[in-house]
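Engineer: Here is a sequence together with a model predicted from it:
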Amino acid sequence: MLAAGRPSVRCRSEAPMVARAELRDRQVILEQVAALRECVARSAGEFENGALAALHWLLNGGPGPVTGETGRPPAMARTIVRELAAAEAVIYGTTTQRTDFARGVEHALMWAQFVTCSTPAGNPGGPDGENVRAGR
């Protein structure tokens, strides 16, 4: 029916569009997980622990590394953005003991989504590992 000269509009009742995140190949992420496990075994810092937690979460799901929330699979862009926002809130908020952990989470999630080329575990062939860990 027309109301005040306007045609009636009907919305389709389809499921909302959910964007999947574009991630690096699973094998490439697994190689970083292995490299980070070696770093952690050599008593690495919280940056590496955060990066490892983030990549493990991307591959296996479960509670988010910063938020602790479970919900949609981590392959969904919205879920990754939520974890990135939580990590940034820790990084740029009041200084806490979890700042380096959050930096590792942020960097690993950005690397996994092709936002940066710098790997979370660093470049073994480069000077001093070439990662973005605080203090380097």
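Structural biologist: It's in. All of these numbers come straight from a predicted model, not from anything done at the bench. Residues are numbered from 1 along each chain as shown.

Engineer: from here on, contacts and neighbour counts on C-alpha atoms
Structural biologist: OK.

Engineer: Let me know the pLDDT of the spatially closest residue to Ala102 that is not a sequence neighbour.
Structural biologist: Nearest residue to Ala102, sequence neighbours excluded (CA to CA, 6 or more residues apart in numbering): Ala87, at 4.8 Å. Note for Ala87: predicted pLDDT of 97.

Engineer: ok, Ala87 to Gly104 distance?
Structural biologist: For Ala87, the distance to Gly104 equals 9 Å [CA to CA, to the nearest Å].

Engineer: Looking at those two, which one has more neighbours?
Structural biologist: For Ala87 and Gly104, the more surrounded residue by other CA atoms under 10 Å is Gly104, and the numbers stand at 30 against 26.

Engineer: For that one, which three-state class applies?
Structural biologist: Following DSSP: H, G, I helix; E, B strand; the rest coil, the label given to Gly104 is helix.

Engineer: residue contacts, the most centrally placed residue in the chain?
Structural biologist: The centre of the chain sits closest to Leu109, judged by CA atoms, centre = their mean, with a distance of 2.7 Å. By CA atoms under 8 Å, 6 or more residues apart in numbering, the contact set of Leu109 is 51, 54-55, 80, 84.

Engineer: ok, so of those, who is nearest Arg20?
Structural biologist: Using CA to CA, Ile80 comes nearest to Arg20 of the contacts of Leu109, at 9.8 Å.
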